[in-house]
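[1] Quick check, what structure comes out for this input:
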Amino acid sequence: MSRTKEHVEALVRMLDVVDALPEAVASRAWSYDLLALPDGAAVVDVGCGAGRAVAELGERGKKAIGVDVSEEMIAIARRRRPRCDFRIGDAYDLPLDDGEVAGYRAEKLFHELADAAKALEEAKRVLAPGGRIVLVGQDWDAFVIDSDDPELTRTIVHARADMISNPRAARRYRNLLLDTGFEDVVVKGHLAVFTDATMSPLLTGLAERAREAGAITAEQEAAWVSEQEERVRAGRMFLALPLFMAAARRPGGTRQVRSRGSR
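    Take a look at the predicted model:
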């Protein structure tokens, strides 16, 4: 179902804040390094959103293409970055020819896909032999949140995860890539820790969605959110998000030597 224009704009504002965090900046740079593509190589960023990664890849000398299923997101991306190439398309049916790109990148996308294997088959189709793929995402069923009520917190985290199509996709990246026939699979992990108000909207949203799903009562939601808000005011909030990144190579072609990157 298509999101409303207001919802998309609110989402983009939140993503702007998150994407500017040092952890997010470093994570994106890491993913670009793992692509290990030469200057001028074509790369597609699937689920590109407002197009930050597309612009950054272009700044690194790549021929970057952004694809997103949301017409509203693509409109925002084109307005913000008019010189970049943005296309409306589905992860299962990309607007690209066979073997058109040397790189495929998807960040915070695969947990939204009901059929990850189908999306990876499509990735293989558009990648040239020897092309590189990099997947980035958090494990929605493994959020770590400090609370005076750990049982309620566990219920909230799991209830929110159960509302996502593929909440544990990130922990499955390696096996999904192997099952689809990719080679030289490498997986890296990182734990992003937040102790200030930056991620307060995420915590509030977790409880709200858990209540909407019937997993907790309105009273439990109010009490849990109140505790988290007090923790923020007291400088005692703790949230850790496990992030996984997987890189692999499409069979065929000449094996590329990985660059050390600029990090």
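[2] from here on, contacts and neighbour counts on C-alpha atoms
    OK.
[3] Helices of this protein, start to end?
    Secondary structure of the chain (DSSP state H): helices at 5-19, 22-35, 52-59, 71-80, 116-126, 150-162, 173-179, 200-212, 218-234.
[4] List just the one of the ones you listed that sits closest to Ala42.
    Nearest to Ala42 among those is helix 52-59 (9.8 Å), distances taken as CA to CA.
[5] Counting by contacts, list what the closest one packs against.
    Under the contact definition 3 or more CA pairs under 8 Å, 6 or more residues apart in numbering; DSSP states H and E, helix 52-59 sits against strand 63-68.
[6] what sits against Arg80?
    By CA atoms under 8 Å, 6 or more residues apart in numbering, the contact list for Arg80 reads Ala50.
[7] Which pLDDT value belongs to it?
    We have a pLDDT of 95 for Arg80.
[8] for the one 4 residues further on, same thing?
    In the predicted model, Cys84 carries a pLDDT score of 97.
[9] Hmm, Ile74 and it touching each other?
    No. Counting by CA atoms under 8 Å, Cys84 sits too far from Ile74 to count as a contact (10.9 Å).
[10] So these two - more neighbours on which side?
    It is Ile74, of Cys84 and Ile74, that has more neighbours when counted by other CA atoms under 10 Å, with 24 against 18.
[11] Next one: Ala222 from Met237, what distance?
    To Met237, Ala222 is 17 Å away according to CA to CA, to the nearest Å.
[12] low pLDDT regions in this structure?
    1-5, 254-263 (pLDDT under 70).
[13] Tell me which residue is most central in it.
    The chain has Lys108 as the residue nearest its centroid, 1.4 Å off, counting by CA atoms, centre = their mean.
[14] In contact with Arg236, which residues are there?
    Counted by CA under 8 Å, 6+ apart, Arg236 has contacts 195-196.
[15] Ile88 touches Glu72, doesn't it?
    No. In this structure Ile88 lies outside contact range of Glu72 using CA under 8 Å: 9.6 Å.
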